[in-house]
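Undergrad: Here's a sequence, model it:
(chains A, B, C and D)
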2 protein chains.
Amino acid sequence: MTKRPRPNIRDVAALAGVSHMTVSRVINDHPSLRDDTRRRVRAAMEELDYRPNSDARALASRRTDRIGVIIDSPAQVGPANTMLGVEQAALASGYRVSTVTVGTDGRTGSRAALQHLGAQGVDGLCVIAPRSSSLTMLRELDRGIPTLVVTPTPDDGYHAVAVDQSGGAGMAMDHLLELGHRRIVHLAGPDDWLDARARLDGYRASMAAAGAPAEVLVGDWTADSGYALGATLDPGVTAVFAANDQMALGLVHALADRGIDVPGDVSVVGFDDLADVAHYRPPLTTVRQDFSALGQRAIETLVAVMAGHARPRIATIPASLTVRASTATPSR
Amino acid sequence: MTKRPRPNIRDVAALAGVSHMTVSRVINDHPSLRDDTRRRVRAAMEELDYRPNSDARALASRRTDRIGVIIDSPAQVGPANTMLGVEQAALASGYRVSTVTVGTDGRTGSRAALQHLGAQGVDGLCVIAPRSSSLTMLRELDRGIPTLVVTPTPDDGYHAVAVDQSGGAGMAMDHLLELGHRRIVHLAGPDDWLDARARLDGYRASMAAAGAPAEVLVGDWTADSGYALGATLDPGVTAVFAANDQMALGLVHALADRGIDVPGDVSVVGFDDLADVAHYRPPLTTVRQDFSALGQRAIETLVAVMAGHARPRIATIPASLTVRASTATPSR
DNA sequence: CTGGGCGATGTTATCGGTAACATCGACAGC
DNA sequence: GCTGTCGATGTTACCGATAACATCGCCCAG
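TA: Numbers count the residues shown, from 1 in each chain, chains lettered A, B, ... in the order given. Predicted coordinates:
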């Protein structure tokens, strides 16, 4: 078979014996078409294996059916899962997805790609902005294109969706407080991470409400940093609320190395509910985030904004607590 | 400021006092342009905040500068990391990325989106195909568009890149054999996963070479399945080579519950080298896959294919072994 | 009987670029 | 001095669709 150029709308029209415009109407499910015309055109499309050219379509109609996803720090667990949820939901809603990752290990990412998404080529933009610097980037983007930000700390003027971080932190803290803990240390994430700040806020609020002094250590999300902080943890502490599961894991490791038992001597709560934490030693009590619901909600909101329904400015997905074996009543 | 329609190439031309074609040449870095003309046009572009319309460009030039990424099972660790590496490398090479995820928990994914990528809209296709069923899907795709498959089991007619799975398995096995183990069980991944098969092959080859009988258990990648298999593991076994880190984790958990010490009684090797395995109890010896190198290589190859250099059909990224504390000489 | 409305379809312009060819002046070679 | 070549730029057609408006029967109300 010779390599024939891809058929266009006029080839189909010629074969079906109609004008190209009628073919266009078939493609777009225009109501006023006689059934047998529609059938003839469909048959012609089939025969030629015709596929509409989406670029031409985008050019003429000024719609691309494409959503741009900009994600900061895709290597991190939270952002990665958020991206997954968002892509899935977008696809399910009939949108194609263009992804740009930025801020991988410090690099600022392809400015050109950002420009492109910000300029044309997408009908809407979903920005996964876990750090304060991602919000800075946000402001460089083209206005005038519907934009939704996945962030716990929405900026004025943007629609935003997020899991309720401080609420989740509150659940973790309630759990520890109910068990009877009073000296509870928070192992926070990096200061420029908005999720980290929100969890810290939740921790602070709970401690304040309980009349206990806040004690905060700052890690960098990695298990290594959790280990380092665990190696120097004050022995008087009876519980630690870690801002993510990885740091919790490192912390537990360090405590084990020091002969400190979890949960016998120290209770530990994590955040994220990674797939494997049920098999950590001990199985980790942690706060679960539903990323697929988050993605769903993000796309839902974005689609509404694109359609001109500009109502929902900020939405929140609740977190939930999964209690496992890393928490117990304090022994001291 | 009024919402003015986005400026096009002719607006820029008018402002700069040249023809629109000259502007096009500036955009495309055409060599024969006087420096001061170039500057004038650049200034005009700046002043109008002009951004070329990529759809129009794609339509006229038949190039989109976009690579389509189709990923099967994006929720799994391997595919997810591969995707990350690929997207990063593509962006770094100046391509934008359109992602389609399929096979998420059984669903076949958006056929329409697949069609689209297969039809037009992308210059090249990178398919992340971890399962045999992904290869089936591959055949439904449009031929005639440069395609690269990330898979350990290339299909005839496709360019392919992968981490050397069976080689990696061989390294794990050499390590265990050198330690003196003879009864080594393989905890395999699901049968329809090509990576699982390749690792199994590597295991089989090593055992055959060592004159030892192969003993294979099959899990589903999850830590839960590792736990289930660990709960019934024959006590005579002195080492287990798990096809991924998560199953290894579950296995160790189960063994711990049974009072079996790792590595005292049983040595365990994993596969993947997840970020946290150094903090498992015990820190896990495992085979590392360099996903970012994989992505790099994949895009490199794909770009070469797109440019018409059709030489490299199959490329392999070496794996490496990271020895930690979950392996030791057998005590029995 | 006739004009208006509407359903079904066709005609032409347009979207914002690039490709191909045309033009025009300057400069080199004979 | 004439011609050929090349550099710099302009002109026109075209990519493959949609938008807007035109056309043409046909049916129904006045």
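Undergrad: who are the neighbours in contact with A:Leu177?
TA: By Cβ atoms under 8 Å, 6 or more residues apart in numbering or on different chains, A:Leu177 lies in contact with A:184, A:206, A:210. Glycine gets a C-beta too; all of them are placed from N, C-alpha and C.
Undergrad: was I right about the first one contacting A:Val237?
TA: Yes - here A:Ile184 lies in contact with A:Val237, judged by Cβ atoms under 8 Å, at a distance of 7.5 Å.
Undergrad: Name the residues contacting each of the two.
TA: Common contacts of A:Ile184 and A:Val237, defined by Cβ under 8 Å, 6+ apart, comprise A:Glu215.
Undergrad: secondary structure element for A:Ala90?
TA: Taking DSSP states H and E as the definition, one finds A:Ala90 inside helix A:77-92.
Undergrad: which bits of chain A sit near DNA strand C?
TA: Within chain A, the residues that sit near DNA strand C (Cβ under 7 Å from any atom of the strand) are A:18-22, A:25, A:30-34, A:37, A:56, A:59-60.
Undergrad: Just the element for A:Met171, please.
TA: Using DSSP H and E, A:Met171 falls within helix A:165-179.
Undergrad: Compute the distance between A:Asn28 and chain B, please.
TA: The gap separating A:Asn28 from chain B is 14 Å, by Cβ to the nearest Cβ, to the nearest Å.
Undergrad: swap in A:Ala254?
TA: Applying Cβ to the nearest Cβ, the value for A:Ala254 to chain B is 9 Å.
Undergrad: Quick check: which element contains that residue?
TA: Take DSSP H and E as the rule and A:Ala254 turns out to sit in helix A:245-257.
Undergrad: so for that helix, what's the average pLDDT?
TA: What helix A:245-257 shows for mean pLDDT is 98.
Undergrad: Tell me the helices and strands packed up against that helix.
TA: strand A:184-188, helix A:223-231, strand A:239-242, strand A:267-272 (3 or more Cβ pairs under 8 Å, 6 or more residues apart in numbering or on different chains; DSSP states H and E).
Undergrad: Show me what the last one pairs with in its sheet, parallel or antiparallel.
TA: This means strand A:267-272. In the sheet, strand A:267-272 lines up against strand A:239-242 (parallel), strand A:285-288 (parallel) (DSSP bridges).
Undergrad: Please list the residues outside the first one that contact it.
TA: Think strand A:239-242. Outside strand A:239-242, the residues that reach it (Cβ under 8 Å, 6+ apart) are A:169, A:172-173, A:176, A:179, A:181, A:183-187, A:203, A:219, A:226, A:233, A:248, A:251, A:266-271, A:327, A:330.
Undergrad: Just the buried subset of the residues of chain A next to DNA strand C, please.
TA: Buried by 16 or more other Cβ atoms under 10 Å in any protein chain shown: A:18, A:22, A:25, A:37, A:56, A:59, out of the residues of chain A next to DNA strand C.
Undergrad: May I ask which two of those residues are separated the most?
TA: Farthest-apart pair in these is A:Thr37 and A:Leu59; separation 26.3 Å (Cβ to Cβ).
Undergrad: Near A:Pro213, how many other residues are there?
TA: Residues within reach of A:Pro213, counting by other Cβ atoms under 10 Å in any protein chain shown, total 10.
Undergrad: Can you give me the distance of it to A:Ile184?
TA: 10 Å (Cβ to Cβ, to the nearest Å).
Undergrad: Find the residues that touch each one of those two.
TA: Residues touching both A:Pro213 and A:Ile184 (Cβ under 8 Å, 6+ apart): A:Met207.
Undergrad: restrict the buried ones among the residues of chain A next to DNA strand C to contacts with DNA strand D.
TA: For DNA strand D, the contacts drawn from those by Cβ under 7 Å from any atom of the strand are A:56, A:59.
Undergrad: which of the buried ones among the residues of chain A next to DNA strand C lies closest to B:Gly78?
TA: Proximity of these to B:Gly78 (Cβ to Cβ) peaks at A:Ala56, which lies at 37.5 Å.
Undergrad: Contacts only, for the residue nearest the centre of chain A.
TA: Residue closest to the mean C-alpha point of chain A, counted by Cα atoms, centre = their mean, is A:Thr82 at 2.2 Å. By Cβ under 8 Å, 6+ apart, A:Thr82 lies in contact with A:71, A:128, A:150, A:291, A:294-295, A:298.
Undergrad: List just the nearest of those to A:Val102.
TA: A:Ile71 (7.2 Å).
Undergrad: Tell me the spacing between the spatially closest residue to that closest one that is not a sequence neighbour and A:Glu300.
TA: Spatial nearest neighbour of A:Ile71, excluding adjacent residues (Cβ to Cβ, 6 or more residues apart in numbering or on different chains): A:Ile128 at 4.2 Å. Counting by Cβ to Cβ, the gap between A:Ile128 and A:Glu300 amounts to 16 Å.
Undergrad: The helix or strand following the helix holding A:Ala90 - contacts with which helices or strands?
TA: Using DSSP H and E, the helix or strand that follows helix A:77-92 in sequence is strand A:96-102. Where contact means 3+ Cβ pairs under 8 Å, 6+ apart, strand A:96-102 is packed against strand A:66-72, helix A:77-92, helix A:111-119, helix B:77-92, strand B:96-102, helix B:111-119.
Undergrad: TSV for those, including distance to DNA strand D and mean pLDDT?
TA: Shown next, in TSV, are these (distance: least, Cβ to the nearest atom of the strand, whole Å; pLDDT from 0 to 100):
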stretch	distance to DNA strand D	mean pLDDT
strand A:66-72	15	92
helix A:77-92	21	93
helix A:111-119	18	62
helix B:77-92	25	93
strand B:96-102	18	89
helix B:111-119	9	63
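Undergrad: Pick the most deeply packed of those.
TA: Highest mean neighbour count of those: strand A:66-72, a mean of 26 (counted as mean count of other Cβ atoms under 10 Å in any protein chain shown).
Undergrad: Pairing partners for it, with directions?
TA: strand A:96-102 (parallel), strand A:124-128 (parallel).
Undergrad: hmm, who's touching the shortest one?
TA: This means strand A:124-128. A:67-72, A:79, A:82-83, A:86, A:90, A:95, A:117-118, A:134, A:138, A:141, A:145-151, A:298-299, A:302-303, A:305-306.
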